[in-house]
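Chemist: I need the structure of the sequence given here:
(one chain, ligands or ions: 1)
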Amino acid sequence: MAIMEQRRRYWEDTYLTEVDTEVVAAREDPGPALAVRDGIVHPKGGGQPDDVVRVDGRLATVSKDEAGIVWLAPEDDEARAEVGGSVHVAIDLQVRRQHAALHSAGHLLDACVLPLGFTNIGLSHTPGQAFLLYDVDGGTLPTDEESKAALVEEVLDRARRLVAADLPYSAEVDGEGVRRVTIEGVQTDPCGGTHVRSTADLAGLAITRVRTKKGQLKLSYTAEHA
Ligand SMILES: [Zn+2]
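Modeler: Residues are numbered from 1 along each chain as shown. Model prediction:
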């Protein structure tokens with residue numbers, strides 16, 4: 001199966017939650033699963049978890065193989081889908097909104113931390129455990145509670161101003177197939193995740209913990225979809 005047969009619709013529209021679509025491949029190993037033409041399901045990657053998805057009403061697990069094909073494996077595989085047939089694929093909108101908000105907040109907070117002299121070396125956008133991890137790159141690692149609080153306030157102050165500015169997120173796939181996501185006037189990063197429409201879609205931005213270990217800065221954070 002050519003990967004071109006599977007369209008990444010979640011790159012085009014974060015809020016597309018259901019589709020009737022053609023089954024373009026089926027497999028038995030390592031377990032029954034199907035691949036569909038219209039990919040509205042985000043597979044785990046880049047720090048963002050899988051969507052919660054149903055195929056013809058049945059919960060399904062999501063995986064991505066080495067060729068980049070997204071496979072859906074319905075829990076109950078009694079009713080096998082035929083290649084060339086049609087299935088209804090639906091994702092949980094609340095979960096998608098939460099993932100998109102956390103992910104988009106990660107970009108936004110990162111853009112506020114980098115100018116303070118740090119370089120990003122790790123991240124997660126998983127609900128309840130989202131974080132950004134940095135090496136020091138000209139900045140100063142906060143050493144006590146007071147300086148940690150000051151850093152948090154500086155980052156959040158910048159972030160709140162960007163939220164108030166209502167700046168759109170946009171995405172473009174370049175000639176080499178790399179998708180680049182831009183917060184207008186703020187930052188462009190390679191990214192394959194789902195994003196909110198604008199910084200104004202973000203609410204409840206908070207940095208919940210600051211840790212400094214081995215010369216690194218780890219900021220745990222949370223955010224919601226407005
Ligand atoms: Zn992203």
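Chemist: mind listing residues that contact stretch 20-40?
Modeler: Stretch 20-40 has contacts (CB atoms under 8 Å, 6 or more residues apart in numbering) with 1, 5-10, 16-19, 55, 63, 69-74, 77, 80-89, 91. Where C-beta positions appear, they are placed from N, C-alpha and C, glycine not excepted.
Chemist: what sits against residue 160?
Modeler: For residue 160, the contact set (CB under 8 Å, 6+ apart) comprises residue 205.
Chemist: avg pLDDT for whichever helix or strand it is part of?
Modeler: Residue 160 is part of helix 145-164 when elements are defined by DSSP states H and E. Per-region confidence: helix 145-164 scores 98 on mean pLDDT.
Chemist: beyond it, next helix or strand please.
Modeler: strand 169-173.
Chemist: helices or strands up against that following strand?
Modeler: Secondary structure elements in contact with strand 169-173, counted by 3 or more CB pairs under 8 Å, 6 or more residues apart in numbering; DSSP states H and E, are strand 179-183.
Chemist: ok, the strand it packs on: who's next to it in the sheet?
Modeler: Strand 179-183 sits in its sheet next to strand 169-173 (antiparallel), strand 187-190 (antiparallel), going by DSSP bridges.
Chemist: buried set for stretch 49-65?
Modeler: Residues of stretch 49-65 classed as buried by neighbour count (16 or more other CB atoms under 10 Å): 49, 50, 51, 52, 53, 54, 55, 58, 60, 62.
Chemist: in these, find the pair that's most separated.
Modeler: Using CB to CB, the two most remote members of the buried residues of stretch 49-65 are 49 and 58, lying 19.8 Å apart.
Chemist: check this structure for the residue nearest the ion and tell me.
Modeler: Relative to the ion, the nearest point of the chain is residue 191 (3.3 Å; CB to the ion).
Chemist: quick one, what contacts that residue?
Modeler: By CB under 8 Å, 6+ apart, the residues touching residue 191 are 46, 107, 171, 179, 180, 181.
Chemist: of the residues you listed, just the buried ones, ChimeraX syntax please.
Modeler: Of the contacts of residue 191, the buried ones go into a single ChimeraX selection, burial set by 16+ other CB under 10 Å:
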select :107,171,181
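Chemist: ok, residue 162 - contacts?
Modeler: Neighbouring residues of residue 162 by CB under 8 Å, 6+ apart: 108, 111, 112, 183, 186, 199.
Chemist: looking at these, which are in strands?
Modeler: Using DSSP state E, the subset of the contacts of residue 162 located in strands is residue 183.
Chemist: so for the helix holding residue 160, what gets flagged as buried?
Modeler: Under the neighbour-count criterion of 16+ other CB under 10 Å, helix 145-164 has 148, 151, 152, 155, 156, 158, 159, 162, 163 buried.
Chemist: try stretch 63-76
Modeler: 69, 70, 71, 72, 73, 74.
Chemist: among these, which pair sits farthest apart?
Modeler: 69 and 74 (16.6 Å).
Chemist: the buried residues of stretch 63-76: which ones sit near the ion?
Modeler: Residues of the buried residues of stretch 63-76 in contact with the ion (CB under 5 Å from the ion): none.
Chemist: turn these into JSON lines, including pLDDT and secondary structure.
Modeler: Below are the buried residues of stretch 63-76 laid out as JSON lines (pLDDT from 0 to 100; DSSP: H, G, I helix; E, B strand; the rest coil):
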{"residue": "69", "pLDDT": "92", "secondary structure": "coil"}
{"residue": "70", "pLDDT": "95", "secondary structure": "strand"}
{"residue": "71", "pLDDT": "95", "secondary structure": "strand"}
{"residue": "72", "pLDDT": "95", "secondary structure": "strand"}
{"residue": "73", "pLDDT": "94", "secondary structure": "strand"}
{"residue": "74", "pLDDT": "90", "secondary structure": "strand"}
